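the amino acid sequence is not available; the structure is as follows:
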């Protein structure tokens, strides 16, 4: 009988711990949709009306499986408005099958291996005396800095993006929404 009580007690503690952990990670609204921390990056992104261009590009580059994997990943996710800032015709050209390698390079330039919360990025910036270098999955670097209370990312071409929504937690990482597309060399 003690063994049964012990198992029941352990199961109750595990269930309570899971519920407490789930309460600590909040659901964030992005593009009019709730981003659930229990879903992966792709499962959430497809519901954001502000990220339809990004989702289409991820599909064209065959990166859906990668962004559904265990990760963890930190994704700096440009909005549709960010893609609209690119020269006319750029997105239409990039999603063509013959440009898959270039598209993949740009998209993976927005991804950092590991889970970097805004707090962690700001800590790295402070430790770096004003800047932090983030190595992207594409192999390039993003330079993170602060402008007021905002995290700013500078790409290898000198372009700048601001994190507009931080810490959108996912089951396999975190998304930070950005207002510009970042470009590698």
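Cool, the structure landed. Fair warning: this is a prediction, and the values are worked out from it, not measured in the lab. Residues are numbered from 1 along each chain as shown.

and the next helix or strand past the helix or strand bottoming out on mean pLDDT in the chain?
Of all helical and strand segments in the chain, the minimum by mean pLDDT, DSSP states H and E falls on helix 2-24, at a mean of 47. Using DSSP states H and E, the next helix or strand after helix 2-24 towards the C-terminus is strand 28-30.

parallel or antiparallel, list what pairs with the following helix or strand past that following strand.
Sequence order places strand 33-35 as the next helix or strand after strand 28-30, per DSSP H and E. Take DSSP bridges as the rule and strand 33-35 pairs in its sheet with strand 28-30 (antiparallel).

what is the rounded mean pLDDT of the partner strand?
Summarised as a single mean, pLDDT over strand 28-30 is 86.

then stretch 154-170?
96.

okay, buried residues for that stretch please.
Within stretch 154-170, the residues that qualify as buried are 154-156, 161, 163-170, counting by 16 or more other Cβ atoms under 10 Å. To be clear about C-beta, it is placed using only N, CA and C from the backbone, and glycine gets the same treatment.

can you check stretch 168-185 too?
So for stretch 168-185, counting by 16+ other Cβ under 10 Å, buried means 168-184.

surely residue 163 is in a strand?
Yes - counting by DSSP: H, G, I helix; E, B strand; the rest coil, residue 163 is found in a strand.

identify the bridge partners of it.
residue 178.

hang on, the earlier thing: farthest pair in the buried residues of stretch 154-170?
156 and 169 (27.7 Å; Cβ to Cβ).

residue 30 reaches residue 167, doesn't it?
No - Residue 30 lies out of contact with residue 167 (Cβ atoms under 8 Å); the separation is 11.0 Å.

now the helices for the chain?
2-24, 41-45, 52-60, 64-68, 80-84, 90-94, 100-108, 118-127 (DSSP state H).

quick check: bridge partners of residue 113?
Assigned bridge partners for residue 113, using DSSP bridges, are residue 73.

what sits against it?
71-74, 135, 137 (Cβ atoms under 8 Å, 6 or more residues apart in numbering).

same check, this time on residue 83
Counted by Cβ under 8 Å, 6+ apart, residue 83 has contacts 53-54, 57, 91, 181.

now this protein, which segments are flagged as low pLDDT?
Applying pLDDT under 70 to the chain picks out residues 1-25.

what is the nearest of the contacts of residue 83 to residue 37?
Closest to residue 37, out of all of these and judged by Cβ to Cβ, is residue 54, at 19.4 Å.

check whether that closest one really touches residue 81, as I assumed.
No - with contacts counted by Cβ under 8 Å, residue 54 stays clear of residue 81, the gap being 11.2 Å.
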